[in-house]
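K.L.:
quick one, fold the following:
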Amino acid sequence: MVPVTSPRPPHRDLRLLGLVAVGGAVGSCLRYAVSLALPAEPGGWPWATFAVNVVGAFALGWLLEALAVHGRETDRLRRLRLFGGTGVLGGFTTYSSLALDVETLLSGGQWHTALAYGGATLLLGLVAALLGVLAGLRTSRGPRGPRTGRGR
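P.N.:
Residues are numbered from 1 along each chain as shown. The predicted structure is shown next:
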């Protein structure tokens with residue numbers, strides 16, 4: 001009798017890692033495009049980082065909820081989540097730049113701007129993520145309610 005082996009864990013599957021890497025490259029390029037469109041003024045509000053983090057929080061909330069209403073995660077849904085969520089949106093959003101922006105503002109004596117920027121990013125990011133979840137629920141429903149028996 002041939003022993004049955006379990007499938008390779010997702011974090012060791014090179015195809016799935018490749019999806020995340022390609023998605024991350026796409027997201028990073030999109031973030032770079034936003035930074036070119038919204039260049040930062042020295043000592044001013046870092047609009048590009050603020051925008052990508054708030055928009056990314058909304059998009060991730062929407063994506064994860066829209067995928068979740070389908071019930072159990074299939075291989076196709078997993079690939080979509082890893083490419084779009086972990087990859088694209090992970091590369092698009094940048095909390096490391098948020099931290100650097102806050103530190104730069106603080107070291108430049110812009111205490112009020114640093115605190116307002118950091119607080120607004122976190123608060124609006126949370127609100128955006130919640131709105132994204134609600135939008136994901138709404139777009140995943142047909143005229144008669146949810147598409148799956150998830151109980152919504």
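
K.L.:
strands along this structure, start to end?
P.N.:
In the chain, the segments counted as strands under DSSP state E are 141-142, 145-146.

K.L.:
least confident of those, on average?
P.N.:
Among the strands of the chain, strand 145-146 carries the lowest mean pLDDT, a mean of 52.

K.L.:
show me where pLDDT drops low in the chain?
P.N.:
1-6, 140-152 (pLDDT under 70).

K.L.:
longest helix anywhere in it?
P.N.:
In the chain, with assignment by DSSP state H, the single longest helix is helix 111-139.

K.L.:
now for that helix, which elements pack on it?
P.N.:
In terms of contacts (3 or more Cβ pairs under 8 Å, 6 or more residues apart in numbering; DSSP states H and E), helix 111-139 is packed against helix 47-68, helix 95-107. Yep, even glycine has a C-beta here, placed from its N, CA and C like the rest.

K.L.:
can you lay out those helices as CSV showing distance to Cys29?
P.N.:
Below are the helices and strands packed on helix 111-139 laid out as CSV (distance: least, Cβ to Cβ, whole Å):
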stretch, distance to Cys29
helix 47-68, 12
helix 95-107, 15
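
K.L.:
which one of the ones you listed is the most hemmed in?
P.N.:
Most buried of the helices and strands packed on helix 111-139 by mean neighbour count (mean count of other Cβ atoms under 10 Å) is helix 47-68; its value is a mean of 21.

K.L.:
tell me which other helices or strands it touches.
P.N.:
helix 14-37, helix 90-92, helix 95-107, helix 111-139.
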